[in-house]
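**Student:** When you get a sec, could you give me coordinates for this:
(2 chains)
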There are 2 protein chains.
Amino acid sequence: MAPALSPLALPFPEMGTVPGVRLATGAAGIRYVGRPDLVLADFAPGTTVGGVFTRNRCPGAPIDWCREALAGGLARGLVVNAGNANVFTGRAGVAACAETAAAAAGLLGCPSGQVFLASTGVIGEVLPHERITAALPALADRLSEAGWAEAARGIMTTDTFPKGAIRRTAIGGVPVRLAGIAKGSGMIAPDMATMLCFVATDAGLPSPVLQALLARAVAGSFNCTTVDSDTSTSDTVLLFATGLADHAPVAGPEDPALADFAMALDALLLELALMVVRDGEGASRLVRIEVAGAVSDGSARRMALAVANSPLVKTAIAGGDANWGRIVMAVGKSGEPADRDRLSIGVGGTWMARAGTVVPGYDEAPVVAHMRGRELEIAIELGLGAGRGHAWTCDLTHGYIDINGSYRS
Amino acid sequence: MAPALSPLALPFPEMGTVPGVRLATGAAGIRYVGRPDLVLADFAPGTTVGGVFTRNRCPGAPIDWCREALAGGLARGLVVNAGNANVFTGRAGVAACAETAAAAAGLLGCPSGQVFLASTGVIGEVLPHERITAALPALADRLSEAGWAEAARGIMTTDTFPKGAIRRTAIGGVPVRLAGIAKGSGMIAPDMATMLCFVATDAGLPSPVLQALLARAVAGSFNCTTVDSDTSTSDTVLLFATGLADHAPVAGPEDPALADFAMALDALLLELALMVVRDGEGASRLVRIEVAGAVSDGSARRMALAVANSPLVKTAIAGGDANWGRIVMAVGKSGEPADRDRLSIGVGGTWMARAGTVVPGYDEAPVVAHMRGRELEIAIELGLGAGRGHAWTCDLTHGYIDINGSYRS
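**Tutor:** Predicted coordinates:
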């Protein structure tokens, strides 16, 4: 059942710690047997929170729960389970959220509304929350600042490697840390993907500031990535700030003192988002699609995503074929403004098509070599305006069919 | 190289003849070796024509050619080649169209502007039109009213079976015939698909009437089908009317005398469109997705297509898994109005999920039996309004990857 490690996998980093954040991971037996599937996190009193969630119109019960909790702006706990997404579970799903949050709140000594929840796994089966609430006390007993690596494993579903990233930055000269973990492999599309991502920092930032910074960072990372165009019902990115770093208060998201922090957050989220694409179900190649010369940035991004989602482009890449004709097709099918006779397409720095036709005698050798690599670059120049955008995707291989033709059975 | 016959293939019908239509098929060696790849059709003087083309923004040169020729409303000839799509070929592509049309016009004794062109196959390689013009005279010598079956084979690319359909109908009590052939297997999505479809009738109808009837018939057939969500640069549906049937003139597309003819045309196009889905690359199952209770018909159709295009739904079907959770996901990702707590999902007549949650104790046996069949029905009831729509698709299997990971090489 377990797919082989993605050839694009990256090693898990030394995560270190974030003051005010403690984690514990255990096996509740929710669906998987003999592996961790439950994570509890505890945040220092006063921790603020920002969140971004799926735009799927049929979200899971934990999404509803988090949206409501987010209004309070404060977080003391987080419970994440793998194996069951608690989606499309009606009133039983709502009750499962309430019971889980209440149990965690009791253990952490906080109101239920300060406990955040995320679930990932199969859709439509009632979450056996009593297994979660039975397992939580033992987790609460061994919360540890060093719990990040175990937690990254505990939230995996079809992931083939755990995903974590850290940044050291500063606010007003005072050192600040960022640490994040993510999971995601399939049902991955922008806005967002079945991905869960939890980031913590010891910065002290009001919830609205976190929200603004997080929204921007998600726009430039998770919302530029796709594995299979399928947007999950459970996508969640949460950013927790414990406030234990001793920096001066900031005025707002645009405060110049936050410039480095914002850059670090952007980079951290992008690193995690690309790990999800690297672990795309069946992925053997990571592909960046760059669109320039579009009528607007939005148009460029939508076109990049249309190319990134084209099954024919993705299968060509899987076959090592620089099939720019399929790229032309995908540009055209995006519906975004394009003029065939101004369109240029390049792969790995070689322009293969220019101004509406093949470049006579272009050098195939570097293109062939590039297509054999693990990380590919496709460039599309429209010649219409100054709009730019990009997207990341992976190839579409037999592995995707293997994994998804038998997921539930 | 040649994939095995689709398990969903249908036998080729006895096509009969359409008075005023003669066809010939031959091997021009454009790309394929040892198989027919070129079709010439000759239409009686006075033949009128309607056409619908791809909405891809980077169409092939033959699409430009046909759009211009269509303005004249008259057709005397048709040249179709397989193996090279003449797409993204710049001025060479435009010249290839002009040369081909001129050669056919010379043989048929008509203006170039009354010769229609269609090409399907690889994108971005210059069409060796001299092979076409060299082969056309021999085809012109053996034009035959009985040439339909050969022509259906001559236009195939990755198709595993030839596609044809006929209807006998009447206009004002006078018998009228319809015959059509189609090709298509991959790069298939609405608006439209790499499909070519050529229909002829001996009815006598002005070009604007043909255009109106054809647009409606395409909306209910090819534009409700998808194989892989990739919209080709070359999609073409042409309807030719020779006028040799001796019925009274009609007043317009809404003339009651045309009711039966319009129904027959709708049914013929749907039959051909579903053949294309049945021959979808790697397809092992034909799936109809029915959406009801939407806020509008357009919303229902867009949602049906979102489900039809979801790789996770399509791989689940390939695995014989009635994974309604993925259907919930696809409903939500469509972006169309949906209320999770009113949503119901059924497969093969069994409601598995009702009003936002699983139907307790629903009978799995008929669902499992249905999923093992070749033709599946998915029903989605939104409970929001009176909008209805549907789409057809096929499953996503290893066969699709096999075919598309090595198409050019």
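
**Student:** Can you get me a residue count around the closest residue to A:P7 other than its chain neighbours?
**Tutor:** Of all residues not flanking A:P7 in the chain, A:S284 sits nearest, at 5.6 Å (Cβ to Cβ, 6 or more residues apart in numbering or on different chains). In this view, the C-beta of every residue, glycine as well, is placed from N, C-alpha and C. Around A:S284 there are 18 other residues, counting by other Cβ atoms under 10 Å in any protein chain shown.

**Student:** Work out for me the element A:S284 sits within.
**Tutor:** For A:S284, there is no host helix or strand (DSSP states H and E).

**Student:** confidence score at it?
**Tutor:** Listed pLDDT for A:S284 reads 91.

**Student:** hang on, isn't it packed against A:H398?
**Tutor:** No. Counting by Cβ atoms under 8 Å, A:H398 is not a contact partner of A:S284; they are 9.8 Å apart.

**Student:** For A:R57, list the residues it contacts.
**Tutor:** Residues near A:R57 by Cβ atoms under 8 Å, 6 or more residues apart in numbering or on different chains: B:331-338, B:340.

**Student:** Of these, which pair is most distant in space?
**Tutor:** Maximum pairwise distance in these, criterion Cβ to Cβ, is 14.2 Å, between B:G335 and B:R340.

**Student:** Those two: who's more crowded?
**Tutor:** Comparing B:G335 with B:R340 by other Cβ under 10 Å, the one with more neighbours is B:R340, at 23 against 15.

**Student:** What residue, apart from its backbone neighbours, is nearest the more buried one spatially?
**Tutor:** B:R340 sits nearest to A:C58 (Cβ to Cβ, 6+ apart), 4.3 Å away.

**Student:** Report how many residues lie close to the one you found.
**Tutor:** Neighbours of A:C58 under the rule other Cβ under 10 Å: 25.

**Student:** any idea which element it lies in?
**Tutor:** Counting by DSSP H and E, there is no helix or strand that carries A:C58.

**Student:** got a list of what it touches?
**Tutor:** Listed by Cβ under 8 Å, 6+ apart, the contact set of A:C58 reads A:87-88, A:233, B:328-329, B:331-332, B:338, B:340, B:343.

**Student:** I'd like the distance between it and B:L343.
**Tutor:** Distance, A:C58 to B:L343, by Cβ to Cβ, to the nearest Å: 7 Å.

**Student:** quick revisit: so what pLDDT did the residue nearest to B:R340 get?
**Tutor:** pLDDT for A:C58: 82.

**Student:** low-confidence ranges in chain A?
**Tutor:** Applying pLDDT under 70 to chain A picks out residues A:1-3, A:186-194, A:229, A:231, A:406-409.

**Student:** Can you list the residue ranges for helices in it?
**Tutor:** A:61-70, A:90-108, A:129-141, A:148-154, A:207-219, A:259-278, A:297-309, A:311-318, A:324-333, A:364-371, A:398-404 (DSSP state H).

**Student:** Would you format those helices as CSV with distance to chain B included?
**Tutor:** Below are those laid out as CSV (distance: least, Cβ to the nearest Cβ, whole Å):
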stretch, distance to chain B
helix A:61-70, 9
helix A:90-108, 3
helix A:129-141, 15
helix A:148-154, 22
helix A:207-219, 17
helix A:259-278, 15
helix A:297-309, 8
helix A:311-318, 4
helix A:324-333, 3
helix A:364-371, 11
helix A:398-404, 4
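
**Student:** now these in JSON lines, with mean neighbour count?
**Tutor:** JSON lines is the format used below for these (neighbours: other Cβ atoms under 10 Å in any protein chain shown):
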{"stretch": "helix A:61-70", "mean neighbour count": "22"}
{"stretch": "helix A:90-108", "mean neighbour count": "20"}
{"stretch": "helix A:129-141", "mean neighbour count": "18"}
{"stretch": "helix A:148-154", "mean neighbour count": "23"}
{"stretch": "helix A:207-219", "mean neighbour count": "20"}
{"stretch": "helix A:259-278", "mean neighbour count": "22"}
{"stretch": "helix A:297-309", "mean neighbour count": "23"}
{"stretch": "helix A:311-318", "mean neighbour count": "27"}
{"stretch": "helix A:324-333", "mean neighbour count": "28"}
{"stretch": "helix A:364-371", "mean neighbour count": "14"}
{"stretch": "helix A:398-404", "mean neighbour count": "22"}
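
**Student:** could you list every residue that touches A:G332?
**Tutor:** Per Cβ under 8 Å, 6+ apart, neighbours of A:G332: A:338, A:340, B:56-59, B:231, B:233.

**Student:** Give me the nearest residue to it, chain neighbours excluded.
**Tutor:** B:C58 (3.3 Å).

**Student:** what's the answer for A:L272, then?
**Tutor:** Per Cβ to Cβ, 6+ apart, closest to A:L272 is A:A182, 4.1 Å.

**Student:** State the distance from that neighbour to chain B.
**Tutor:** 19 Å (Cβ to the nearest Cβ, to the nearest Å).

**Student:** residues touching that residue, list them.
**Tutor:** By Cβ under 8 Å, 6+ apart, the contact list for A:A182 reads A:152, A:163-164, A:195-198, A:272-273, A:275-276.

**Student:** can I get the helices of chain A in JSON lines with distance to B:L305?
**Tutor:** Output for the helices of chain A, formatted as JSON lines (distance: least, Cβ to Cβ, whole Å):
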{"stretch": "helix A:61-70", "distance to B:L305": "25"}
{"stretch": "helix A:90-108", "distance to B:L305": "27"}
{"stretch": "helix A:129-141", "distance to B:L305": "36"}
{"stretch": "helix A:148-154", "distance to B:L305": "37"}
{"stretch": "helix A:207-219", "distance to B:L305": "27"}
{"stretch": "helix A:259-278", "distance to B:L305": "25"}
{"stretch": "helix A:297-309", "distance to B:L305": "14"}
{"stretch": "helix A:311-318", "distance to B:L305": "15"}
{"stretch": "helix A:324-333", "distance to B:L305": "13"}
{"stretch": "helix A:364-371", "distance to B:L305": "32"}
{"stretch": "helix A:398-404", "distance to B:L305": "20"}
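
**Student:** out of those helices, nearest to A:V52?
**Tutor:** Nearest of the helices of chain A to A:V52, taken as Cβ to Cβ: helix A:207-219 at 4.7 Å.

**Student:** That closest one vs helix A:259-278, what angle?
**Tutor:** 40 degrees (axes from the mean of the first three to the mean of the last three Cα atoms, to 10 degrees).

**Student:** helices or strands next to helix A:207-219 in the packing?
**Tutor:** strand A:48-53, strand A:236-241, helix A:259-278 (3 or more Cβ pairs under 8 Å, 6 or more residues apart in numbering or on different chains; DSSP states H and E).

**Student:** do the second one and chain B meet?
**Tutor:** No. Using Cβ under 8 Å from any Cβ of the partner chain, strand A:236-241 never reaches chain B; the gap is at least 14.8 Å.
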